[in-house]
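# Give me a model of this one.
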Amino acid sequence: MKKITQKIGVASAAAVMLLAGARGTLAYLTDMEETSNDFTVGEVSIETLELDYPGNDSPDVRNLVPNEEVAKNPTVVNRGVNDAVVFMTVDSPMEKITVVGDDGSVVTAKGVSELFWFKDAEDAASVHANSFDEGWQELAGREKYVRIAADGSETEVAESDLAGAYDALADGETLVKRYVFGYKTTVQGTDTGDGTAQTDANRATAALFDKVQMKNIIENETDGAAEQIVLRTYAIQGSQILENSADLAASLSEENLGKIYDVFVRQNSTGNDASGLKLTGIRDADDVSVTSDGASGETDSHVNRYDTADDLSGEGAHVKPE
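Residues are numbered from 1 along each chain as shown. I've put the predicted structure just below:
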């Protein structure tokens, strides 16, 4: 989400009061100074790069055969001013397939399964397993199985219902497993605070994986349709993500990354996708109501508080009405 850089300024002023009396001049020397502060609104902006991917039009991604590998190395670069906490989701297409070993023996009986492995560059073709970069934290509790309709609308599917959901797919519909990852390190922005530039290495994540491999499946179990591995990347400011008075971004543990991801989903879910299953753009303009209980002393309500007896009611409460 980009914010337009703005400057907020207040003009300084000085005043001198002079009073004239009937029997002479009496001057009261006074002074008043009004401080002018300039605040610059920050910016969070990211770019996703796959420098080794040959491209959707390349023959390297056409007519894949079992066990074939394709270079694909998604990396996120922070192009914004502010540090950012970065997330990536991966939609892994699912088909009803039989997975076999390199010797032809059945490894997994025919059933609904992911079609690809996500692998490290050093993994041999004979390694049949996912290998995600250790710099990324898999948020297993946020993963979903999703049925995607031809119009892009989505429905979450329970793991126990995958077979039935697959059999019920209409033309143009797909079934995917959606992985969710958070980067374990805050990705630095361009503003160091001392006028120096950040190094490119500090402003980019490691690649989540380096290549994908089609599973070794029995011939003719897929219909030859195009399979899409969809990646989405998200970023949120790298500090002052508050849970009460604590900054969740100060320690990017699995627990805190999960909480920050939930904050992003709630803030950015669009009006036609309130489920948070898919985040494709900035949210629609909506009314945000704020509630607070002054008696309980809650610290999670963002309101102006004044030193008055009724600072959370009456004229002292600057709260957007419901």
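# in the one helix or strand residue 255 maps to, what's buried?
Assessed by DSSP states H and E, residue 255 sits inside helix 254-268. If you call a residue buried by 16 or more other Cβ atoms under 10 Å, then helix 254-268 has these buried ones: 256, 257, 258, 260, 261, 263, 264, 265, 268. C-betas here are computed from N, CA, C, even on glycine.
# what's the longest strand in the protein?
strand 84-100 (DSSP state E).
# tell me the angle it makes with helix 254-268.
For strand 84-100 against helix 254-268, the angle by axes from the mean of the first three to the mean of the last three Cα atoms, to 10 degrees is 100 degrees.
# Can you name every helix or strand that strand 84-100 contacts?
Judged by 3 or more Cβ pairs under 8 Å, 6 or more residues apart in numbering; DSSP states H and E, the packing partners of strand 84-100 are strand 75-78, strand 106-114, strand 116-119, helix 162-167, strand 174-183, strand 230-237, helix 254-268.
# ok, and for it, which residues are buried?
By neighbour count on 16+ other Cβ under 10 Å, the buried set for strand 84-100 is 84-100.
# any idea of the mean pLDDT in that strand?
Regarding strand 84-100, the rounded mean pLDDT is 94.
# Export only the CA atoms of that strand, formatted as PDB.
The C-alpha coordinates for strand 84-100 follow below in PDB (Å, rounded to 0.1, in the frame of the first residue of the first chain):
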ATOM      1  CA  ALA A  84       8.700  -3.700   6.000                       C
ATOM      2  CA  VAL A  85       7.500  -7.100   7.200                       C
ATOM      3  CA  VAL A  86       7.000  -9.300   4.200                       C
ATOM      4  CA  PHE A  87       4.600 -12.200   3.500                       C
ATOM      5  CA  MET A  88       4.200 -14.500   0.500                       C
ATOM      6  CA  THR A  89       1.400 -16.900  -0.300                       C
ATOM      7  CA  VAL A  90       1.800 -19.700  -2.800                       C
ATOM      8  CA  ASP A  91      -1.200 -21.400  -4.600                       C
ATOM      9  CA  SER A  92      -0.100 -25.000  -5.300                       C
ATOM     10  CA  PRO A  93      -2.500 -26.600  -7.900                       C
ATOM     11  CA  MET A  94      -4.100 -29.900  -7.000                       C
ATOM     12  CA  GLU A  95      -5.200 -32.800  -9.200                       C
ATOM     13  CA  LYS A  96      -6.400 -36.300  -8.700                       C
ATOM     14  CA  ILE A  97      -3.200 -38.200  -9.400                       C
ATOM     15  CA  THR A  98      -1.200 -41.400  -8.600                       C
ATOM     16  CA  VAL A  99       2.400 -40.600  -7.500                       C
ATOM     17  CA  VAL A 100       5.000 -43.200  -8.300                       C
END
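# relative to strand 106-114, how tilted is that strand?
Per the same axes, to 10 degrees, the angle that strand 84-100 makes with strand 106-114 is 140 degrees.
# coming back round to it: identify whichever of the helices and strands packed on strand 84-100 lies nearest to residue 214.
With Cβ to Cβ as the measure, strand 116-119 is the member of the helices and strands packed on strand 84-100 nearest residue 214 (5.9 Å).
# What's the separation between the spatially closest residue to residue 156 that is not a sequence neighbour and residue 162?
The shortest distance from residue 156 to any non-neighbouring residue, by Cβ to Cβ, 6 or more residues apart in numbering, is to residue 144 (5.3 Å). Distance of residue 144 to residue 162, given as Cβ to Cβ, to the nearest Å: 12 Å.
# Quick check: which ranges of the stretch 151-300 of the chain have low pLDDT?
Within the stretch 151-300 of the chain, the segments meeting pLDDT under 70 span 223-224, 269-300.
# could the helices and strands packed on strand 84-100 be laid out in CSV, adding distance to residue 154?
Formatted as CSV, the helices and strands packed on strand 84-100 follow (distance: least, Cβ to Cβ, whole Å):
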stretch, distance to residue 154
strand 75-78, 23
strand 106-114, 17
strand 116-119, 20
helix 162-167, 12
strand 174-183, 9
strand 230-237, 11
helix 254-268, 13
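# quick one, which of those is nearest to residue 62?
The nearest among the helices and strands packed on strand 84-100, by Cβ to Cβ, is strand 116-119 at 15.2 Å.
# Quick one: list the elements packing against the closest one.
strand 84-100, strand 211-214.
# I'd like the ones you listed written out as CSV, with distance to residue 46 added.
Shown next, in CSV, are those (distance: least, Cβ to Cβ, whole Å):
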stretch, distance to residue 46
strand 84-100, 7
strand 211-214, 22
